[in-house]
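In: what follows is a predicted protein model with its sequence.
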Protein chains: 2
Amino acid sequence: MRATVMYGSGDVRIEHVPDAHIIKPTDALVTITRACICGSDLWPYQQMKPSEIGNRMGHEFIGIVEAVGTEVRRVKPGDLVVAPFAWSDGTCIFCQGGLHTSCLHGGFWGGTELDGGQGEAVRVPQADGTLVVLPVGPDHALMPSLLTLSDVMGTGHHAALAAKVAPGKTVAVVGDGAVGLCGVIAARRLGAEQIILLGRHPDRIALGRDFGATDIVSERGEAAIERVRALTGGLGAHSVLECVGHGEATRTALSIARAGGAVGRVGVPQDATMPAAMSTFFRNITIAGGPAPVRAYIEELLPDVIEGRIEPGRVFDRTITLDGVPDGYRAMNDREAIKVMIRF
Amino acid sequence: MRATVMYGSGDVRIEHVPDAHIIKPTDALVTITRACICGSDLWPYQQMKPSEIGNRMGHEFIGIVEAVGTEVRRVKPGDLVVAPFAWSDGTCIFCQGGLHTSCLHGGFWGGTELDGGQGEAVRVPQADGTLVVLPVGPDHALMPSLLTLSDVMGTGHHAALAAKVAPGKTVAVVGDGAVGLCGVIAARRLGAEQIILLGRHPDRIALGRDFGATDIVSERGEAAIERVRALTGGLGAHSVLECVGHGEATRTALSIARAGGAVGRVGVPQDATMPAAMSTFFRNITIAGGPAPVRAYIEELLPDVIEGRIEPGRVFDRTITLDGVPDGYRAMNDREAIKVMIRF
């Protein structure tokens, strides 16, 4: 079969790899129908050291179950399924508590050991815990929005929950990438009154406004902080969604939270330490978040997607085939595309 | 009147200062009957640069109202009152939300502008919002426990709330000072099942066991982390109370929280950055806490003190008069005393 392999910064190739197949009785074999490139894939695209064996890529996909292991009970061949960006057993103490990204028997797609979503097929470990059957056919118009349940919509929702978004709250979203835009959707869905989107790209800002952003802040650093304060009566936001991960974004997020407020971080941190340890302490800021247990959120978000109340699939502004993946990485890295969907 | 003034590291003097008196119509004048030295007073005791004017010290006290300004309604001369370590108006948006330490018209005792608790009398700004009338006489046997409502008991309670302590949870308390010991009381009061106290001083550990600690960890650094993991089935604690504030304690606290757990920090941070930004992210750790809004907690904790269900006053293991304050600082700094009470 063919799949995406990254060999180093900027070096993404489509190659023939061993066919995915069932190894364990809890596995399923899934043929991919839709996948995509994630903002977090750009960190290795920018930073990965050259590797001879390379890393299989992709952690967001929808596909059709081709076969299942002898112990799989919940999914069956022919099912159209969506996979979260982490696989999990659904039964361990962490899964039971809704934190599937810390599953004791779970893990993440791709790398050197497992198939990734940016390929023709995937062996899915812990298939019963991981996969969610979709109630539509594989070419339904809602595919883009359903695909966001793999990661970005659930991640935006996680940021909003971690930041304690609730009806009437003032929310700031740091970052206008696909996750930040889904954070805007999540904040509105949870009843936020004011939603301030911090971003600088006109196309993304326009989409953010459509999704529910009430104010846009395009300044950076201190100027951005001052602007958010001015928009919030000098107090800052109750809830801040940090959807970037690098130091300046984190510093901004921590600075624009009002005393007693909360910052939900879902951008993968790029620094070993967190800034503003003292100022967040003196203002009693809560810092929460991490890799989103999107598996926990799919059932909750699915009806809103199916019934059209939210349209997170609008973050996809380019559709390619597998051969177009290397250029898809380039386009996202150059900020030509917000998020790229791969159609098989 | 006489009061405590700190002129630099190790330089604490008892001096004649201008008599406290009412300045604003919202003030009260309070004659101190009990006060104490705080673990947080030891940070300047160890680090303060020499000053010619000095800082008035003390932020925990009980006293008798001598006079009130024309706008004061809730307290009256003759009342025995306890003061939180921050004064607050009780009416602003933050006080209404229970975060009195961020009061828009509040502040902190002592320094160069205001009276401190370690003196004969105090001008209390925002008296109606700040002071709580006690339902006992000034020499009641419960004075030590009532005095802890000024700070350490409310601070331990804040740490426990920030760390999401709840019935059945596993809790770790980092630090065996007065706040850590009150954190043990708070954790038990909120229904924790297992309470692991990290500390090394035999007298404090004994008191911690009396207060409800089920396990003691006296190792430090990596060894402490390993020991807590072993005591928690390899998972770490649901709730961690950080009651120290320096880098190693913070690192330990963040490391012993289980995935999805919470760290409540009340030790005043001594570093500008927080460690483990990545590992706390990948484990979805919530970091919360800050200066405790003890004013918000006094009414809740007072009945438990009055009815003897909790005895936080046992953290006082030495009682002195005002002249003994310089030696009281030394004794606490040398770990000869857990916490020193000043009797006037």
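Out: Nice, I can see it. Bear in mind the structure is a predicted one, so any value in this text is a computation, not a measurement.

In: any bit of stretch A:138-154 sitting next to chain B?
Out: No - contact between stretch A:138-154 and chain B is absent, the nearest approach being 13.3 Å (criterion: CB under 8 Å from any CB of the partner chain). All C-beta atoms are positioned from the backbone trio N, CA, C, and that covers glycine.

In: straight-line length of that stretch, end to end?
Out: Counting by CA to CA, to the nearest Å, you get 21 Å between the two ends of stretch A:138-154.

In: with stretch A:278-295 instead?
Out: Its start and end residues considered, stretch A:278-295 measures 35 Å (CA to CA).

In: with stretch A:323-341 instead?
Out: This stretch, stretch A:323-341, spans 12 Å end to end (CA to CA).

In: what comes up buried for that stretch?
Out: With burial defined by 16 or more other CB atoms under 10 Å in any protein chain shown, the residues of stretch A:323-341 counted as buried are A:324-326, A:328-329, A:331-333, A:337-341.

In: equivalent analysis for stretch A:157-172, please.
Out: Under the neighbour-count criterion of 16+ other CB under 10 Å, stretch A:157-172 has A:157-166, A:169-172 buried.

In: could you list which of those also contact chain B?
Out: residue A:162.

In: dump the buried residues of stretch A:157-172 into TSV; add pLDDT and secondary structure as well.
Out: Output for those, formatted as TSV (pLDDT from 0 to 100; DSSP: H, G, I helix; E, B strand; the rest coil):
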residue	pLDDT	secondary structure
A:157	98	helix
A:158	98	helix
A:159	98	helix
A:160	98	helix
A:161	98	helix
A:162	98	helix
A:163	98	coil
A:164	98	coil
A:165	98	coil
A:166	98	coil
A:169	98	coil
A:170	98	strand
A:171	98	strand
A:172	98	strand
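
In: pretty sure residue A:33 sits in a helix.
Out: No - inclusion of residue A:33 in a helix is not indicated when DSSP: H, G, I helix; E, B strand; the rest coil is applied; the result is strand.

In: and the gap between the residue lying closest to it once chain neighbours are set aside and residue A:64?
Out: Nearest-residue entry for residue A:33: residue A:138, 4.8 Å, with adjacent residues in sequence omitted and distances by CB to CB, 6 or more residues apart in numbering or on different chains. Taking CB to CB, to the nearest Å as the measure, residue A:138 and residue A:64 are separated by 6 Å.

In: which neighbours do the two share?
Out: Here residue A:138 and residue A:64 share the contacting residues A:33, A:80, scored by CB atoms under 8 Å, 6 or more residues apart in numbering or on different chains.

In: of the buried residues of stretch A:323-341, closest to residue A:211?
Out: residue A:338 (12.0 Å; CB to CB).

In: how about the closest one: what's its closest non-neighbour residue?
Out: Among residues not flanking residue A:338 along the chain, residue A:317 sits closest, at 5.0 Å (CB to CB, 6+ apart).

In: how about the strands in the stretch 151-300 of chain A?
Out: A:170-174, A:194-198, A:215-217, A:237-242, A:257-265, A:286-289 (DSSP state E, counting those that start in this stretch).

In: count the neighbours of residue A:44 for me.
Out: One way to gauge burial is a neighbour count; for residue A:44, by other CB atoms under 10 Å in any protein chain shown, it gives 17.

In: low pLDDT regions in chain A?
Out: In the predicted model of chain A, no residue satisfies pLDDT under 70.

In: enumerate the residues of it near chain B.
Out: That would be A:93-94, A:97, A:99, A:101-102, A:162, A:235, A:250, A:259-260, A:265, A:268-269, A:271-278, A:280-291, A:293, which are the residues of chain A within reach of chain B (CB under 8 Å from any CB).

In: report how many residues lie close to residue A:75.
Out: For residue A:75, the number of neighbouring residues by other CB under 10 Å comes to 19.

In: what residues are up against it?
Out: When contacts are counted by CB under 8 Å, 6+ apart, residue A:75 touches A:28, A:65, A:68, A:81, A:127-128, A:131, A:133.

In: look up how far chain B lies from it.
Out: Separation of residue A:75 from chain B (CB to the nearest CB, to the nearest Å) stands at 26 Å.

In: please pick the buried ones from the residues of chain A next to chain B.
Out: Neighbour-count burial (16+ other CB under 10 Å) is assigned, among the residues of chain A next to chain B, to A:94, A:99, A:101-102, A:162, A:235, A:250, A:259-260, A:265, A:268-269, A:274-278, A:280-281, A:283-291, A:293.

In: out of the strands of the stretch 151-300 of chain A, which comes closest to residue B:197?
Out: With distances scored as CB to CB, the stretch of the strands of the stretch 151-300 of chain A nearest to residue B:197 is strand A:286-289 (24.4 Å).

In: so how far is the closest one from its chain's centroid?
Out: When distances are taken as CA atoms, centre = their mean, to the nearest Å, strand A:286-289 is centred 17 Å away from the chain's centroid.

In: what sits up against that strand?
Out: Applying CB under 8 Å, 6+ apart, the contact partners of strand A:286-289 are A:158-159, A:162-164, A:242, A:254, A:261-266, A:274, A:280, B:162, B:281, B:284-288.

In: does residue A:156 touch residue A:267 like I think?
Out: No - counting by CB atoms under 8 Å, residue A:156 stays clear of residue A:267, with 11.3 Å between them.

In: what touches both of the two?
Out: With contacts defined as CB under 8 Å, 6+ apart, the residues shared by residue A:156 and residue A:267 are A:179, A:243.

In: neighbour count winner among those two?
Out: A side-by-side neighbour count of residue A:156 and residue A:267, using other CB under 10 Å, places residue A:156 first with 33 against 25.

In: which ones are touching the more buried one?
Out: Applying CB under 8 Å, 6+ apart to residue A:156 gives the contacts A:179-186, A:241, A:243, A:266, A:312.

In: ok, of those residues, which one's closest to residue A:72?
Out: If you rank these by distance to residue A:72 using CB to CB, residue A:312 comes first, at 28.8 Å.
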